[in-house]
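In: I'll drop the sequence and a predicted model, then ask my questions.
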Amino acid sequence: MFSKILIANRGEIACRVAETARKLGIKTVAVYSEADAQAKHVAACDEAVLIGPAPAKESYLLGDKIIAVALATGAQAIHPGYGFLSENAGFAEACAKAGLVFIGPPASAIHAMGSKSAAKALMEKAKVPLVPGYHGDNQDADFLQKEADRISYPVLLKASAGGGGKGMRIVGKSEDFKAALASCKREAINSFGDDKVLVERYLTRPRHIEIQVFADSHGECVYLFERDCSVQRRHQKVLEEAPAPGMSEERRRAMGEAAVAAAKAVGYVGAGTVEFIANQDGSFYFMEMNTRLQVEHPVTEMITGLDLVEWQLRVASGEHLPLRQEQLQLNGHAIEARIYAENPEKGFLPSIGTLRYLHTPPAVHFRVDSHVQTPAAVRIDSGVREGDAISPFYDPMIAKLIVWGKDRAAALANMAAALAQYRIVGLATNIGFLQRLIAGQAFSTADLDTGLIERNHDALFPALQPASTATLAMAASLLLSQEAERVGDSSNPWAQTSGWRMNGSLLRALQFADEAGSYQIHVEYRSNRQWILHRDGVQHALRFDKQGDADLRITLDDSTLAGNVVRDADIFHVFHQGRHAVLTWDDPLAHAGHSESEGGRLTAPMPGKIVAVLVEKGHSVVKGAPLLIMEAMKMEHTIAAPADGVIDELLYLVGDQVTEGAQLLAFTPG
C-alpha cells in the first residue's frame, strides 16, 4: 500500500479521497489554485502546494506541474478524482514515465474509451448494441447534416471527447442542424480542446442506466450493480439512485456482464462506469465508458457497503479485488441529490456568491468494517463550508446529499426529510426544486426517463405564490425582537421599544417584498414581544416565544410555529415547514432600494466570456431573438432580446471577458 499520495483535484472529491486515505494511514498532498487557498480540501490534506491562478487551465489542468509537485513531496501515486485530468491519457502516461502510479486505468484504456466514436466502433466489433448514428471522422458540416437527415430527426449531437453534458445538442429538424452543430463544436473545443462530434438518433423517453465495474491488474473484473441516472437537466445528472427501479435480475445480469466484457476488451484496471441508454421496453444500447470514479459513486457504496476509493487504492497498489462477483450483495436503496448553487427558475443559471449561512441535516460519517459498512440514513459529501465562496471558475456544486433506506419508499422519505433540513443563505440553490422533484408523482412512482424534468415542467416550476401570514409573522418577529435587543440602558425611557403610548397604542407599518409581490402589514404594539398583526383587514395575535441561533418559535393566534429565520442586512430568509422564503424589508429610514432593470440595457447575468456576437449595430430584432452568447461556468448562455427593437451599440467583442452586471449592448425597444 502507498504511504503518500497526491490528490490532483479539488472540492468534495478531493475531500472524499483524503478521508479514505486517512483511514488507511496514507498521507495526502493537496494542490490548489489561488482561488482555493482557503478551501476545505486544502485543510483536509496533510500538506498542500499552490499550483497556479484560479482558471483551471492555469492550475488544475497543468499535468507537468502536478507531477513535479508529487515528486517534490515524495508522493508515490496520484489520484485524479473526476473531471480535470482524470480521463487524460497523456497525463496517465506522464505519471508512469515519472515513476508515479496513476490511480486509474492504464492510458491505453483511456485512449480506447476516451473518444466516444472510437469506443462505439470498439463496441460494435464486440457486438454490443449501439444506437443508430454516425461515429466516423468526417466532420464536414454538409456531410454531418446529410447523415442526420438519413438517421431521421430528432438527432443528438455529442462531443466525441465530451462528458458532463458539455457539447451536446438535440436537433429537431434539418434547418436547425448547422446552427446547433456550430454551437456544439464551439462548446466542445472550449471544454475539451477537441471539436469532433458524433450524430445519433435521439431516443424518446429513454432511461440512463450505468453499470459500475471494477477490475484489477490480475485479470479479475466485477460489476457492482447499476445506477439509474435518468433525471437530468441540460444532459447533466440531478438525481441518481441505486438499484435502478424495475430492474429484473435477468436484465441486471445481462447489463452487468456486457459492462464487464467491455472493460475486459480494453484491458481495464480500476474503477469505471459503462453507461447505457435503455428503452422503456427493457432494450439497451451502449453509450460510453467513463474511465474514472463517477460523481454518483456514493449510491453504489451505500447499497453494497463498500468503499470504492479504498478499492481504487488497493487495486492501484497491486492487490487483488477485495471481493468476487458472487460475494457482492445488494442491500436497500440509495438516492443522491446534487445540491447546486444555481437558480432553476432562471434556466438553472449558476449562482455566484458566499455561503453566509449553512445548516445541513445530521449525517453519519462513512464507516467500514471488514470491507462492508452499515449504511447511514444520511451522508453528505461536500467541499465547502460556511463562509466559503462559490466562484465562477469551477463547477457550482455545493454538496452531494445521499440517503439510504431499506427500500425505495424509505429512501424517498429520508431524502425529503434531509432536504427540508438543508438551509443555505448567500446564493441561490436548487434545494426547493429538488424537493418538488422528489415529491412529484413522476419520480416518486419511478416513471423515469431523461425528459422527466421537461415533461413535468409545470409541476416542477409552479407559479409564484404570495408569502403566507406565517412567513411574514416570522420575519416581523425577528425584526422587532432584534430592535428590542439593541436597547442599551433599559432604565432610559427614550430607549424603550415596547411601543408604549400614554393615550393609545403604536400601530407601525412594515413593508416586505419577494418575487411574487409586496406586502404591507401593520403591527400594533401591546407589550414587549407581543403584538397584534394586521394583514388585509384580519387581525392576528402574535407573540415572540424563543430564539436560539437561527431557530425561532412564535405563537400566531392559537398556533405555535417553529422555523428558522436568518437575517442578511434587510433580507430575511424564512425556513418554515421545509420551505425557504426570501423577504426584503423596506427600511423607511434607509431608502437604499434600487431597480436593476433599466430600459435599453442588457447585462451579463454572471462573470464570463463572450463566445459569439449574433447581431450588428443598427440591426432590428424581434423579441426573443438571440443577440450574443456567453460562456460561464463551462456552459453557454444565450442573451436574447427582451422586446422588439434596434441594436444601438455593441460593447464587447468575441473573446472579451465580462463581469457580472456589465452592460453588454445598448438596445432601444420599440
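Out: Cool, the structure landed. Numbering: from 1, shown residues only.
In: going on from the lowest-mean-pLDDT helix or strand in the chain, what's the next piece of helix or strand?
Out: In the chain, no helix or strand scores lower on mean pLDDT, DSSP states H and E than strand 601-603, which sits at a mean of 77. Using DSSP states H and E, the next helix or strand after strand 601-603 towards the C-terminus is strand 608-613.
In: What residues of that next one count as buried?
Out: Buried residues in strand 608-613, defined by neighbour count with 16 or more other Cβ atoms under 10 Å: 608, 610-613. Using the backbone N, CA and C atoms, a C-beta is placed for each residue, glycine as well.
In: so where do the strands sit in the stretch 401-550 of the chain?
Out: Taking DSSP state E, counting those that start in this stretch as the criterion, the stretch 401-550 of the chain contains strands spanning 423-425, 507-514, 517-527, 530-535, 538-548.
In: Just send these back as JSON lines, with mean neighbour count too.
Out: Formatted as JSON lines, the strands of the stretch 401-550 of the chain follow (neighbours: other Cβ atoms under 10 Å):
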{"stretch": "strand 423-425", "mean neighbour count": "22"}
{"stretch": "strand 507-514", "mean neighbour count": "16"}
{"stretch": "strand 517-527", "mean neighbour count": "16"}
{"stretch": "strand 530-535", "mean neighbour count": "18"}
{"stretch": "strand 538-548", "mean neighbour count": "15"}
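In: Would you format the ones you listed as CSV with mean pLDDT and distance to residue 208 included?
Out: What follows is these, written out as CSV (pLDDT from 0 to 100; distance: least, Cβ to Cβ, whole Å):
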stretch, mean pLDDT, distance to residue 208
strand 423-425, 96, 28
strand 507-514, 94, 36
strand 517-527, 92, 39
strand 530-535, 95, 47
strand 538-548, 92, 44
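In: Contact partners for the nearest residue to residue 377 once chain neighbours are set aside?
Out: Using Cβ to Cβ, 6 or more residues apart in numbering and skipping residues adjacent in sequence, the residue nearest residue 377 is residue 414, 5.3 Å away. By Cβ atoms under 8 Å, 6 or more residues apart in numbering, residue 414 lies in contact with 377-378, 403-405.
In: Show me which of those residues has the smallest pLDDT value.
Out: Least confident of the contacts of residue 414 in the model: residue 377, at 88.
In: that older thread, out of the strands of the stretch 401-550 of the chain, flag the one nearest residue 631.
Out: Counting by Cβ to Cβ, residue 631 lies closest to strand 423-425 out of the strands of the stretch 401-550 of the chain; the figure is 25.9 Å.
In: what are the ranges of the helices in the stretch 151-300 of the chain?
Out: Remark: helices assigned in the stretch 151-300 of the chain by DSSP state H, counting those that start in this stretch are 177-192, 249-265, 297-304.
In: which of these is buried the deepest?
Out: Mean neighbour count, computed with mean count of other Cβ atoms under 10 Å, is highest for helix 297-304 among the helices of the stretch 151-300 of the chain, reaching a mean of 26.
In: Would you mind listing the buried residues in stretch 26-39?
Out: Buried residues in stretch 26-39, defined by neighbour count with 16+ other Cβ under 10 Å: 26-33, 35-36, 39.
In: First-to-last residue distance for stretch 525-533?
Out: Start-to-end span of stretch 525-533 (Cα to Cα, to the nearest Å) is 9 Å.
In: Now residue 570: phi and psi?
Out: With angles defined as degrees, to the nearest 10, residue 570 sits at phi -100, psi 20.
In: and the residue lying closest to residue 629 once chain neighbours are set aside, what pLDDT?
Out: Nearest non-adjacent residue to residue 629, counting by Cβ to Cβ, 6+ apart: residue 612, 4.1 Å away. Residue 612 is assigned a pLDDT of 89 by the prediction.
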